[in-house]
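# Structure of the sequence below:
(2 chains)
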Amino acid sequence: MAIDRRDWAVIEQLQNGVALARRPFDYLALAADMTLEEFLTRMLRLKHDGLIRRMGVRLRHHEAGVRGNMLTVWRVPEEDVERVGTLFAAMPEVSHCYTRATYEGFPYNLYAMVHGRTQAHVGRTVRKMARESGIGEYVTLKTLRELKKSTPRYRPPGTG
Amino acid sequence: LDDLDRRILGVVQEHFPIDERPYLQIARQIGSTESEVIDRMQRLVDQGVIRDISPVFDLQKLGYCSTLAALDVPADRVNEVARIVNAHGEVTHNYLREGRPNMWFTVIAESEAALRGVLESIERDVECGPVANFPAQRKFTARVVFELGDADGD
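Residues are numbered from 1 along each chain as shown, chains lettered A, B, ... in the order given. Got it, this is the predicted structure:
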């Protein structure tokens, strides 16, 4: 699973995006200074090893008809975390479900991001999550304003 | 979005083919042609539905560290504090949310030390009390959630 400099060349090119052309990887391979065969082979290995978690298009939620979303945080007893996390993760409306460290005055340990066609749909999903999990202590952290949204740019170590 | 758009998105959201002719592979899977797939996807880009075609990387496996952090910012200081927080390239997302704390941001850096450095610098510069740090512990799921075939209309 070690990645070398040529893997990083593939990673850096892929972050520029795949073109809508018949042979889109030809351009990226050329820019990475390798054959198409080597580029695709390295890409398949990065995917297989999980460095590429998902290869696909990224959508804009709103334009794709997903107009509601809500970050929810739940206070789940330690012995219930496995059950509730698994339950939430199995719901198609939940995109991210993580346990996180708690903080003084903020005792919630399970975070779930919920999406839906509308905000009403999201509200129904959140109530269903509470009902099915039996966890009554939760808060919805409604977004008031998006202050920043950027795509991280990953670079080889030590190149800043 | 029509049925063909949905079928295309159904394939390319999770499984964009790693192949010398990816759009031909997609066309074969959904019973279309390579040029029609490219034309449709171009339209979805023009309409703003598709942001880009690019992998989602596992940042930890690439050697990066990340966390979710939050500040409790008085209403009259939100813009000023957001400018300071957002000025850090390591801050990728920042949202003002209901409740307390109210400013929630994600930070990605090349090491735990660099991550701590960013949080300490923000805490010092904004003078808004401590930065609450909520590192992820266990991940149950991280995926896309579009049920584009489901037209329940609500």
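# quick one: least confident helix or strand in the chain?
Picking chain A for this. Here the helix or strand of chain A ranked lowest by mean pLDDT, DSSP states H and E is strand A:52-59, holding a mean of 90.
# Can you tell me which residue is spatially central in chain A?
Nearest to the mean C-alpha position of chain A, counting by Cα atoms, centre = their mean, stands A:H96 at 6.7 Å.
# Repeat that for chain B.
Geometric centre of chain B, nearest residue: B:H93, 8.1 Å, by Cα atoms, centre = their mean.
# Quick check: it touching A:S150?
Yes. B:H93 is within contact range of A:S150, at 7.4 Å (criterion: Cβ atoms under 8 Å). Where you see a C-beta, it was placed from the backbone N, CA and C, and this is true even at glycine.
# So for the spatially closest residue to A:I3 that is not a sequence neighbour, what pLDDT did the model give?
Spatial nearest neighbour of A:I3, chain neighbours left out: A:L51 (6.6 Å); criterion: Cβ to Cβ, 6 or more residues apart in numbering or on different chains. Model confidence at A:L51, given as pLDDT, is 95.
# In chain B, where is pLDDT below threshold?
B:144-154 (pLDDT under 70).
# Do a quick rundown of the helices in it.
B:3-12, B:22-30, B:34-46, B:78-86, B:112-126 (DSSP state H).
# These: which one's closest to A:V84?
With distances scored as Cβ to Cβ, the stretch of the helices of chain B nearest to A:V84 is helix B:112-126 (27.8 Å).
# if we look at that closest one, which residues are touching it?
Applying Cβ atoms under 8 Å, 6 or more residues apart in numbering or on different chains, the external contacts of helix B:112-126 come out as B:65-67, B:69, B:71, B:73, B:81, B:84-85, B:88, B:90-91, B:107, B:109, B:130-131, B:133.
# Among the residues you listed, which ones are in strands?
B:65-67, B:69, B:71, B:91, B:107, B:109, B:133 (DSSP state E).
# Please state the offset of the least confident helix or strand of chain A from the chain centre?
Its chain's average C-alpha position is 9 Å from that of strand A:52-59, according to Cα atoms, centre = their mean, to the nearest Å.
# Could you see whether chain B lies near that strand?
Yes. Against chain B, strand A:52-59 shows contacts by Cβ under 8 Å from any Cβ of the partner chain at A:52-59.
# since we're on A:G134, how many residues are nearby?
A:G134: 11 surrounding residues under other Cβ atoms under 10 Å in any protein chain shown.
# meant to ask about B:M41
When counting by other Cβ under 10 Å, one arrives at 21 neighbours for B:M41.
# I figured it hits B:R7, correct?
No. Counting by Cβ under 8 Å, B:M41 sits too far from B:R7 to count as a contact (11.8 Å).
# List the contacts of the residue nearest to A:I3.
A:1, A:3, A:7, A:11, B:57-58, B:61-62.
# Is it possible to mark the buried ones in those residues?
Buried members of the contacts of A:L51, scored by 16 or more other Cβ atoms under 10 Å in any protein chain shown, are A:3, A:7, A:11, B:57-58, B:62.
# now for those, which pair is the farthest apart?
A:D7 and B:D58 (13.3 Å).
# circling back to that earlier point, and chain A, which of the contacts of helix B:112-126 reach it?
Among the contacts of helix B:112-126, chain A is touched by B:85, B:91, B:133 when using Cβ under 8 Å from any Cβ.
# between these, which is nearest B:I53?
B:V91 (25.3 Å).
# Check the gap between the closest residue to the closest one other than its chain neighbours and B:V73 for me.
Closest residue in space to B:V91, ignoring its immediate chain neighbours: B:F105 at 5.1 Å, by Cβ to Cβ, 6+ apart. Distance, B:F105 to B:V73, by Cβ to Cβ, to the nearest Å: 11 Å.
# Neighbour count: the two, which is higher?
Taking other Cβ under 10 Å, B:F105 and B:V73 do not tie; B:F105 has more neighbours (25 against 21).
# Briefly note if the longest helix along chain A comes near chain B.
Assignment by DSSP H gives helix A:119-133 as the longest helix of chain A. Yes. Helix A:119-133 comes into contact with chain B (Cβ under 8 Å from any Cβ), by way of A:120-121.
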